[in-house]
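Peer 1: Any chance you can model this:
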Amino acid sequence: MISIVDEAPGHTGAREALLDLCFGEARFAKTSERLREGRLPVFAFVALDESGKLVGTVRLWSVADGSGAQSLLLGPLAVDPGCRGHRVGDRLMRHALNQAAVHGHGSVILVGDLPYYARFGFAAGLLDDVTLPGPVDHYRFLGVEFAPGHLAGLDGLLTAAGAIDPMAAIAVSQESAPLLKIA
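Peer 2: Reported below is the predicted structural model:
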């Protein structure tokens, strides 16, 4: 039996290991990562098997256009290869989209494969006036609306919105801090 639960701090190591397994280091070079880095997700869910092992993850992040119109960016979605075919990804997606809708978000966007995401209501061609901070295949730039016309209200370059991850801020400040020389 698979349980979908809110991600907790204790899941961090297992989530990162799963993302490395599914996407490798290339995941850090993706355009969508520019909108996630240094931020906290609005929603973060994990799938746990009956032993408590983390076997899936999905997160949603706040993004906004220049006028402040917002949407949620979904990703990454990852499922342990040993659990594929058991509908873990479907359950994570449906849970994440349900929570976004219940909490009043007007839309969710992602960069992904239309044949997979169409079953959840995602479509291409809804974001023609929207760009991301890096290259993206517009056929893979997908959206789903909970409020009719919500995506039509987005225009221009999307940027990260929402809460800054305090741990990321500490890491950045430590990287830029001068080294002390002790004589």
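Peer 1: and the lengthiest strand in the chain, what other elements does it pack with?
Peer 2: Of all the elements of type strand in the chain, the one with the most residues (DSSP state E) is strand 54-64. Applying 3 or more CB pairs under 8 Å, 6 or more residues apart in numbering; DSSP states H and E, one finds that strand 54-64 makes contact with helix 12-23, helix 31-36, strand 43-48, strand 70-74, strand 78-79, helix 88-102, strand 159-160. (Glycine included, C-beta is placed from N, CA and C.)
Peer 1: Can you tell me the strand partners of that strand and which way each runs?
Peer 2: strand 43-48 (antiparallel), strand 70-74 (antiparallel), strand 78-79 (antiparallel), strand 159-160 (antiparallel) (DSSP bridges).
Peer 1: out of the ones you listed, nearest to Gly121?
Peer 2: Proximity to Gly121, assessed across these by CB to CB, is greatest for strand 70-74 (11.9 Å).
Peer 1: Just want the angle from the closest one to helix 88-102.
Peer 2: Strand 70-74 and helix 88-102 are oriented at 170 degrees to each other (axes from the mean of the first three to the mean of the last three CA atoms, to 10 degrees).
Peer 1: Strand 70-74: how far from the chain's middle?
Peer 2: In terms of CA atoms, centre = their mean, to the nearest Å, the gap separating the centre of strand 70-74 from the centre of its chain is 8 Å.
Peer 1: List the buried residues for that strand?
Peer 2: Of the residues in strand 70-74, those buried by neighbour count under the rule 16 or more other CB atoms under 10 Å are 70-74.
Peer 1: and the strands paired with strand 54-64 as TSV, adding distance to Ser3 and mean pLDDT?
Peer 2: Supplementary listing: these in TSV, determined by distance: least, CB to CB, whole Å; pLDDT from 0 to 100:
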stretch	distance to Ser3	mean pLDDT
strand 43-48	5	98
strand 70-74	20	97
strand 78-79	14	98
strand 159-160	30	93
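Peer 1: Relative to Ala147, which of these is closest?
Peer 2: When the strands paired with strand 54-64 are ranked by distance to Ala147, counting by CB to CB, first place goes to strand 70-74 at 10.4 Å.
Peer 1: what sits against the residue lying closest to Asp113 once chain neighbours are set aside?
Peer 2: What sits nearest to Asp113 in space, not counting adjacent residues and going by CB to CB, 6 or more residues apart in numbering, is Arg140, at 6.8 Å. Applying CB atoms under 8 Å, 6 or more residues apart in numbering, we find Arg140 in contact with 111-114, 124.
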